[in-house]
Structure formats: structure tokens, C-alpha cells
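**Student:** Everything below, folded, please.
(one chain, ligands or ions: 1)
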Amino acid sequence: MGERSDGFVGVFDSGLGGISVLRALVAELPGEDFRYFGDSAHAPYGEKTEAEVRELSRGIAERFLADGAKAIVIACNTATSAAAATLRAAHPDVPIVGIEPALKPAARAFPRGRILVMATEMTLHLDKYHELARAWGGECEVVPVPCPGLAARIERGDLDAPDLAKMIEDLVGGYAGTVDAVVLGCTHYPFVRALVERALGEGVAFFDGGAGTARQLRKRLSEEGLLSASGRPGRVSFASSLDTPDELALYQRFFSMPL
Ligand code: DGL
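**Tutor:** Here you go, the predicted model:
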């Protein structure tokens, strides 16, 4: 039997969005092995019920643990809001790190600013978001912007197609010239940041939770004595519930595309 610190970190999302988080995890912890699972066969989570998302998340976490994961990252704002507390209660001995809309750094940078929070309807509906807005909203004007259909559209790839630019223009174009910052509160959205910027105009600051999640994973692994001690570069692998060569090629492309 190897040391527990030799295990891998399991990272999951409803689909390929969490690859934006995986990129931050690898940048922060290049010596760790990461196994990414995208539940693309069941995406989008944001349009399911909370109970369905909780059940799908439970199944994924249990498979990771059966395969020897030493820690789990929920690289999905929606699944974190719906399932993190239940997963932590079921597996108190495993570091389980979630992601939340990066309202805290945005509000610190723009304490009296107008801040859009783009996220799924479920994320904006559940308690976690309301607690965040209460804790960090302070004197800024926080504007929640539910984006139905956007994660599902990003799942299909083809980010240069005009229909996607039009969808984003329809969602946020009405705020052009009136906002200081945008929180990308769904892990799919960093892949279309340039399109959001085009719809809102230049000079808007962007925040997402990837880097904060990566720092939190480092902290939790360190506290538990689970940081890899192997000294070799970490490995990254991909799996999907939509297990086709095309889907896995799309995951690889999102992992390495310039942003
Ligand atoms: N990427 C996910 C999130 O961060 C969910 C998108 C979806 O499946 O609706 O919220």
C-alpha cells in the first residue's frame, strides 16, 4: 500500500466547465495528480432539481473515493451549493473543496461599485449565494444575472459561432457602460469571458473562483499532510459520462486553449 498522499485529487463538474478550475489547480499544485470527471451526459446541472444534483454529485464522489482519491474538488458552483454540505457530512475524513462565486474579491476591489454576478438560476436561488451577498455585498450594488442556457451552449463547444455571441449580448448587453466588475459564477463562463467583455465594453474587471479554490485545496492538503511528496510532475487525466472520443478531445481542447 502506498501513502495516502500518493493518491489523486478527483475534480468534477456537470461537464467541461470545471476545466477552467482544473487549469488553476494544476498551476497552483503542479506536483499533484488530478483526475477530471465531466458529467456531460447530465449537463446542465443548473436546470435540474437540487435533489438531482445532490444525487449525481454523490455518485461521482463515491466513485472517486472507491478509486483511491485523497481529496475532491467540486469544480461547479451549482453542485457546491447543492451538494457540498451533504458530501462533507458523508465523508468527514476527506478534504472536499468547493467553489463559490468570487463576490468577496470583487467587492473588496470595488467597495461601492456595481457588480454583476453571472451564474446558473440554481446557484443564485440557493442559500449559499444569499449568504455571500449578505456577507460581502456591503455598500456595492450586486446584480444577480441568471444565465439559463449558457452553460449548455458552452458545453457544445464552437465558441466562435455567432449564436453564442448573440446569446451573451442578450443576457448582459443591457448593462453595457454601467458596471465595474463581473463575477463569473459558473465554471463554464471563463471560457466566454472575451464575449462578455465585448458585450459590456472595455474597462470591466472580471473575477472567477478558480484561483481561490486552488489556494484552498493547497491549504486543505497541507493541513492533512496530503501534499504529494513524490517530487515528479503531476499527471492529469480526463473522463466523461459522455464517453466518446469527440467529447474527450473537446475536454483536451478546453484544457489547453488560450484564454
Ligand atoms: N459549471 C457549473 C457551475 O459552475 C454548472 C453549469 C450547469 O451545468 O448548469 O455552476
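**Student:** Show me the helices in the stretch 51-200 of the chain, by range?
**Tutor:** 77-90, 103-109, 121-125, 127-136, 150-155, 162-172, 193-200 (DSSP state H, counting those that start in this stretch).
**Student:** Identify the residue spatially nearest to G210, adjacent ones excluded.
**Tutor:** Distance criterion Cβ to Cβ, 6 or more residues apart in numbering; nearest residue to G210, sequence neighbours excluded, is A24 at 3.5 Å. In short, each C-beta sits where N, CA and C put it, glycine included.
**Student:** Any figure for the gap between the one you found and L103?
**Tutor:** 17 Å (Cβ to Cβ, to the nearest Å).
**Student:** just R156 next, same as before
**Tutor:** In terms of Cβ to Cβ, R156 sits 28 Å off from L103.
**Student:** between those two, who's got more neighbours?
**Tutor:** Neighbours per residue (other Cβ atoms under 10 Å) separate R156 from L103, with L103 holding more: 23 against 14.
**Student:** The more buried one touches M118, doesn't it?
**Tutor:** No - judged on Cβ atoms under 8 Å, L103 makes no contact with M118 at a distance of 11.5 Å.
**Student:** who touches both of those two?
**Tutor:** Shared contacts of L103 and M118 (Cβ atoms under 8 Å, 6 or more residues apart in numbering): 183, 185.
**Student:** Tell me how many other residues surround F37.
**Tutor:** F37, neighbours per other Cβ under 10 Å, totals 20.
**Student:** Run a quick check on it versus V11, I expect a contact.
**Tutor:** Yes - counting by Cβ under 8 Å, V11 is a contact partner of F37 at 7.2 Å.
**Student:** coming back round to it: as a markdown table, the helices of the stretch 51-200 of the chain with mean pLDDT and distance to the ligand would be great.
**Tutor:** Putting these into a markdown table (pLDDT from 0 to 100; distance: least, Cβ to the nearest ligand atom, whole Å) gives the following:
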| stretch | mean pLDDT | distance to the ligand |
| --- | --- | --- |
| helix 77-90 | 97 | 4 |
| helix 103-109 | 96 | 14 |
| helix 121-125 | 96 | 5 |
| helix 127-136 | 94 | 11 |
| helix 150-155 | 98 | 3 |
| helix 162-172 | 98 | 14 |
| helix 193-200 | 98 | 14 |
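**Student:** Which of the ones you listed sits closest to A211?
**Tutor:** Nearest of the helices of the stretch 51-200 of the chain to A211, taken as Cβ to Cβ: helix 103-109 at 9.1 Å.
**Student:** Let me see the backbone angles for the residue nearest the centre of the chain.
**Tutor:** Central residue of the chain (Cα atoms, centre = their mean): T187, 3.3 Å from the mean position. Main-chain dihedrals, T187, degrees, to the nearest 10: phi -70, psi -10.
**Student:** Per-residue pLDDT of it, please?
**Tutor:** If you check T187, the pLDDT there is 98.
**Student:** If we ignore the residues flanking it in sequence, what's nearest it?
**Tutor:** Of all residues not flanking T187 in the chain, G17 sits nearest, at 3.9 Å (Cβ to Cβ, 6+ apart).
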